[in-house]
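Colleague: One predicted model, sequence on top.
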Amino acid sequence: MTEFQWPWEYTFPPFFTLQPHEETRQQQLKVWTDLFLKYLRHTNKFTLSIGDQNSPLFHNESLKRRLSPELVLAILGELERSGHANPLDKRRQEWQVYWFTLEEYGNMVYDWVQETGQTNTICTLYEIASGENTSHLDFHGVDEAVLLSALRLLEEKGRCELIEMDGSHGVSSSKVPVLWNYVLMK
């Protein structure tokens, strides 16, 4: 894995303090949200814990600067508003973060199914997220929980139907003329 390239703002001490001026704060949050998404994609992570204050994402050791929990929550709140994150607990301390929105992931998977002629077939969750046939696609390597959430959105749109059997999930699109099935193994 190549070394992550931090933006110039990461070496600017005020970047680690929530800015009081509205316009400056909005620009700061925009840069931070982009940085969170790029860093998590680079490290292939889909979850964040606010308590992980030693992560280089939260702590620039050379500057001796650290993001406050308030600023981390503000950044994650912006990611949530844009469809790139959701809290995993009521205290909002653990978060699931998506490189793409769930709708984008769902559309990518749906397009792949149609483009590869996989309608009326069964695929495992592993095949979708980690299989040879998806290695060149943006959703390759997606976390199983994220993929399942994206498929739930497709189900809400009537493009598929999720099925749970013996602790495993499957999906069928019997609600629409185009039929495609996934057995989502945990």
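Modeller: Great, that's in hand.
Colleague: Rounded mean pLDDT for the longest helix along the chain, please.
Modeller: In terms of residue count, the longest helix belonging to the chain (DSSP state H) is helix 22-42. Averaging pLDDT along helix 22-42 yields 97.
Colleague: and the most centrally placed residue in the chain, how far is that from residue 64?
Modeller: In the chain, the residue lying closest to the centroid (Cα atoms, centre = their mean) is residue 98, at 1.1 Å. According to Cβ to Cβ, to the nearest Å, residue 98 stands 31 Å off from residue 64. Heads up, the C-betas are built off the backbone N, CA and C, glycines and all.
Colleague: mind giving me the domain ranges of the protein?
Modeller: Using the TED database, the domain parsing of the chain gives 8-97, 102-181.
Colleague: just for this structure, where's the confidence low?
Modeller: 1, 120-122, 161-186 (pLDDT under 70).
Colleague: make it 50
Modeller: Within the chain, the stretches with pLDDT under 50 are 173-186.
Colleague: quick one, strands of it?
Modeller: 47-49, 59-60, 65-66, 85-87, 94-97, 122-124, 161-165, 168-172, 181-184 (DSSP state E).
Colleague: For residue 38, which non-adjacent residue is closest in space?
Modeller: residue 4 (7.9 Å; Cβ to Cβ, 6 or more residues apart in numbering).
Colleague: In contact with that neighbour, which residues?
Modeller: Counting by Cβ atoms under 8 Å, 6 or more residues apart in numbering, residue 4 touches 38-39, 42-43, 56.
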